[in-house]
Each structure stands twice: as structure tokens, then as C-alpha cells.
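just the structure for this:
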Amino acid sequence: MLYDLIGIGFGPSNIALAIALEEAKFQGRVLFLERKKQSLWHEGMLLEGSDIQNNPLRDLITPVNPRSMYTFVNYLHQTGRFWHYLNLGSHYPLRKDFFEYVSWVASQMPNALYNVDIREVQIHDEGGEMVWRLRDSDGNTYLGRKLILGTGRRENIPEIAGLAESENVVHLTRYLPAVRRLPAGSRVAVLGASQSAVEILLDLTGRPISSIISIHRSFSYRLKDTSPFSDEVYFPDFTDYYHALPPQQRASLDQQVRQTNYSSADGDVISRLYLRMYEDELDGNKRVFIFRNHQLEKVAGGNNVVMDLRDVYTGAREQVSADLLVLATGFLDIGRNGRDGLPKILTHLAGYFSWNGDYLNVERDYRVRYGPEYESMPDIYLNGLCESSHGLGDAGSFSLVSIRARDIGASVARRLVHEQAPGRARAS
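Okay, the predicted model is just below:
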């Protein structure tokens, strides 16, 4: 079967798109493919007491259609937790609650297949029409006119001598399964100084861990910029403003607004960690050891992880070891990280795309722009991967997920009508 639209990945971005298509009464054939057994949003970071740092009204659909049956408020109502949630008095929802909300919505979407691991994406001539041909790990193939990539960004694994993911070295997205395997009295190191790093350190203080080692190049954990003026980078009109700028100007603006999301943490988690460390010292049980201003230069594996550290200012060297190293190092971006930021499944297609230096050229409707000689290629959209072209609202936040889904759905519908009209050329 030839689908009008195939989405790879069925996390929040493509779930929001599925809602947008349903509510716009999209008439085309749609299929979403997810490699996991169900839609599981950041299951490796469902830490006790952690929240999503996002207003719950910025969910999968409310900003576009507050009357939708797929709102977070309706989820609370349908699960019988509405009044208890109101009584919490919390500014942000628990991460666990939004995890359940995303799964609740996904379970109602009829056009998703699970346990499908797409291994190959190719452009294919189907009876004179250029379409996408996908192949999964079982050899099954899927054909689609439009491809929507909603896989999330590639994990940032720093290029450090000897560093490779293993049972003892994991990215933050796999933190919980890894830490649960450890016996009591183990030692855990965390690389990074982001919100996730601080949350993981806090979580570790509640576990039977003997030593908790924090390694980062900065002097301290920096406060996130939560000014309401700064947070207007998550407004739809900022996306218009940002996208209209040339890449060099976007990069300059990024330096101003970066601390609303990166290399910083909320004041509440920083204060809780400081208090926990102080209390441990009162009890004569110091467990958290911070290596500030330190660069991780080399890693050796084995039964544990041996790390060579260097003070970035004095040059002093030190060696520490742990039973587990957690990489709270974030994700790659198509822009700052160039072609390395492309999802692996697209790297072989990079030469077809239009680039401005390291920056991928993406249209306002999230369509990847092709090079001049490849403009007849089928459309591909990046759903949640366009921070370098559309701003911080595309950096894994829920803030604009519903707006982006609406825009992509409208573009797909418009272009399909145009392309299938008799005698009409491909839309520009």
C-alpha cells in the first residue's frame, strides 16, 4: 500500500501530528511507525518528584484546540484525578503524569504500529512517482508520499578517549534501568551540569549509593533564565522572527537565550541538592563530591569506570572511578553539530539536502529544502528536530508541539492536493 504520509517515531511530536490530522479530518492514508512496544516518553528519566518545567496547558493540543478530547485537562478528568491534581498546588505537572498523559493519547490513535524498527530509508520510483520506501528490521517495506521524522534528536556522546556506551556508561535517557541494576554501596558519576544532571544527582541521594561524583567544566550549577520576557522564545511569533533570520544571526541570538534551556537548572532543584549535601555533612555522611572546573579527558573500562580528570584552569590532574557513569550531556542539534546532528537514518541522504555551512535549510513549514538538482525528491518534514532553524521552541519542549503539528499537517494536506491535481506541477 502507498501511504500519503508515514511518520517514523511515535513520541509527543508525531502523536501531536496524529491529533492534528484527525481533528482537521485529513482524508489521506496515514501510518506511524514506532520501534518500542508502546509510546514511552523519556521512561529512563521518570524520577521521583521531577516535573516537566512546562505549563500543563502547553500540551499536545490545547494551544490549537482547547476543546479537544486529547487535552491534559481531559486526561485528568477521564482518569479521575482532576480534583486531586488541582489540590496539589504545583506550578508544573509531574513528569510521571505527563508520561501517562502521552501514553493515554497514543493508545487512542488507530494509525500506529509498534515494535517496528526502521533500518533503511530510500527514495523510490513507484510507477513514475518519487516516494519514500522504508524497510524495517524484519525486512518489511512501507511506501509513503510524505515522510515525517519524529524520532527525537541524537544523543550527544562526547568524543573522549576510551568513552563508549556500555553497561557501565549510559546516556541520561537510560539512567533508571542502569541505576536499578547496581548493588547497594555502588559509586556513580554524573557528567554535566544541566537540569537533568542535577535531577539525577538528587535522585542518587535517595538511593543506597556510597559515592556520588559530579563532573563538569563550569564553576557551579547555573540558574536557568526563567524570566517571562526570556520565555517568550517559546511563543509562536518568535518562531516566525527566528526563522526569517540568516543562520549567522540565529547563532548570535542563541547566545542570548541559550540559558533558558541549556547548561542550567531550576532554582528549586539546585537548592534541594545543596540542602541535601549540607544535611549529609551534618550526619557525618558526605556522599556527593563535586569536581567543578574539571574536564573529563580519558575513560578506561572494565569492572568499573576509571576517569582521568583535568582542572581547566590549573591543569591539575586527578583520577576517579565509579561503577556507573551517567552522561547528562544532552543531544545533538542540526546546526551547532552540522551533519552529525542528523538522525542516523538520514545521514546517507545529507548530500541531497540544502545546507548553509553546518546549518540545514528547513522551510517554515518544517520541510527540508533540497539542493537545486534534487527538487523533484519527495517531501520530508522534521518534527521536533529544527532548533537551528525554528528556535528553542523546537528543542524538545512541549511549548510549541501542537502549533508545529498543526503547521506540518496543513502543509502536507495542501501539498498533496496541489500535487495530485490534474496538470499541476509540484508545489514549490
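
any stretches of the stretch 301-428 of the chain with poor pLDDT?
422-428 (pLDDT under 70).

which parts of it are helices?
Assigned by DSSP state H, counting those that start in this stretch, the stretch 301-428 of the chain shows helices spanning 387-390, 401-420.

ok, and what's touching the longest one?
Residues outside helix 401-420 that contact it (CB atoms under 8 Å, 6 or more residues apart in numbering) are 4-5, 12-13, 16-17, 19-21, 24, 26, 28, 58-64, 145-146, 148, 236, 239, 364-367, 379, 381, 383-384, 390, 393-394, 424, 426-427. For the C-beta atoms, the positions are set from N, CA and C on the backbone; glycine is no exception.

show me which residues of that helix are buried.
Neighbour counts over helix 401-420 (16 or more other CB atoms under 10 Å) mark 401-409, 411-413, 415-416, 419 as buried.

run the chain-centre distance for that helix.
22 Å (CA atoms, centre = their mean, to the nearest Å).

stretch 385-394 now?
11 Å.

and stretch 65-79, by the same measure?
23 Å.

could you tell me the end-to-end distance of it?
Chord length of stretch 65-79, first to last residue, is 20 Å (CA to CA, to the nearest Å).

same check on stretch 34-48?
27 Å.

outside of that stretch, which residues touch it?
The contact list for stretch 34-48 (CB under 8 Å, 6+ apart) reads 9-12, 15, 95-96, 98-99, 102-103, 106-107, 112-118, 172-177, 196, 199-200, 202-203, 206.

buried only: go through those residues for me.
Counted by 16+ other CB under 10 Å, the contacts of stretch 34-48 give 9-12, 15, 95, 98-99, 102-103, 106, 112, 116, 118, 172-176, 196, 199-200, 202-203 as buried.

of the residues you listed, which belong to helices?
12, 15, 95, 98-99, 102-103, 106, 175-176, 196, 199-200, 202-203 (DSSP state H).

just these now: which is nearest residue 82?
Nearest to residue 82 among these is residue 98, at 15.2 Å by CB to CB.

what about the residue nearest to the closest one when sequence neighbours are not counted, neighbour count?
In space, residue 98 comes closest to residue 52 once its chain neighbours are excluded; the distance is 5.1 Å by CB to CB, 6 or more residues apart in numbering. Other residues near residue 52 come to 21 when the count uses other CB atoms under 10 Å.

now do residue 259
Residue 259 has 15 nearby residues by other CB under 10 Å.

residues contacting the residue nearest to it when sequence neighbours are not counted?
Nearest residue to residue 259 in three dimensions, chain neighbours excluded: residue 225, at 4.4 Å (CB to CB, 6+ apart). Residue 225 makes contact with 257, 259-260, 264, according to CB under 8 Å, 6+ apart.

buried subset of these?
Neighbour-count burial (16+ other CB under 10 Å) is assigned, among the contacts of residue 225, to 257, 260, 264.

now do the contacts for the spatially closest residue to residue 329 that is not a sequence neighbour.
Excluding its sequence neighbours, the residue lying closest to residue 329 (CB to CB, 6+ apart) is residue 156, at 4.7 Å. The contact partners of residue 156, by CB under 8 Å, 6+ apart, come to 327, 329-332, 337.

look up how far residue 171 lies from the closest residue in space to residue 82 that isn't next to it in sequence.
With sequence-adjacent residues excluded and distances taken as CB to CB, 6+ apart, residue 82 is closest to residue 76, at 4.3 Å. Separation of residue 76 from residue 171 (CB to CB, to the nearest Å): 31 Å.

where along the stretch 1-150 of the chain do the strands fall?
2-8, 30-33, 112-113, 118-126, 129-136, 141-149 (DSSP state E, counting those that start in this stretch).

using JSON lines, lay out those together with mean pLDDT.
Shown next, in JSON lines, are those (pLDDT from 0 to 100):
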{"stretch": "strand 2-8", "mean pLDDT": "98"}
{"stretch": "strand 30-33", "mean pLDDT": "98"}
{"stretch": "strand 112-113", "mean pLDDT": "97"}
{"stretch": "strand 118-126", "mean pLDDT": "96"}
{"stretch": "strand 129-136", "mean pLDDT": "97"}
{"stretch": "strand 141-149", "mean pLDDT": "98"}
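
in a markdown table: those, plus distance to residue 45.
Listed next are the strands of the stretch 1-150 of the chain as a markdown table, based on distance: least, CB to CB, whole Å:
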| stretch | distance to residue 45 |
| --- | --- |
| strand 2-8 | 22 |
| strand 30-33 | 23 |
| strand 112-113 | 23 |
| strand 118-126 | 24 |
| strand 129-136 | 27 |
| strand 141-149 | 22 |
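
residue 70 is nearest to which of those strands?
strand 112-113 (14.1 Å).

which residues sit against that closest one?
10, 18, 31-34, 39, 106.

off-centre distance for it?
20 Å.

note down every partner strand of it and its orientation.
strand 30-33 (parallel) (DSSP bridges).

the partner strand: how far from the chain's middle?
With CA atoms, centre = their mean, you get 20 Å for strand 30-33.

what are the buried residues along that strand?
Neighbour-count burial for strand 30-33 [16+ other CB under 10 Å]: 30-33.

try stretch 53-73
53-56, 58-65, 68, 70-72.

list the contacts of the nearest residue in space to residue 28 that is not next to it in sequence.
Counting by CB to CB, 6+ apart, residue 28 lies nearest to residue 4, which is 3.2 Å off, once chain neighbours are set aside. Contacts for residue 4 (CB under 8 Å, 6+ apart) come out as 28-30, 144-146, 412, 416.

correct me if wrong: residue 109 contacts residue 20.
No. Contact between residue 109 and residue 20 fails when scored by CB atoms under 8 Å: they sit 11.4 Å apart.

thinking again about what came up before, filter the contacts of helix 401-420 to the buried ones?
The neighbour count (16+ other CB under 10 Å) marks 4-5, 12-13, 16-17, 19-21, 26, 58-64, 145-146, 148, 239, 365-367, 379, 381, 383-384, 390, 393-394 as buried among those.

make CSV from the buried ones among the contacts of residue 225 and add pLDDT, distance to residue 231 and secondary structure to it.
Putting the buried ones among the contacts of residue 225 into CSV (pLDDT from 0 to 100; distance: CB to CB, whole Å; DSSP: H, G, I helix; E, B strand; the rest coil) gives the following:
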residue, pLDDT, distance to residue 231, secondary structure
257, 91, 9, helix
260, 88, 6, helix
264, 91, 13, coil
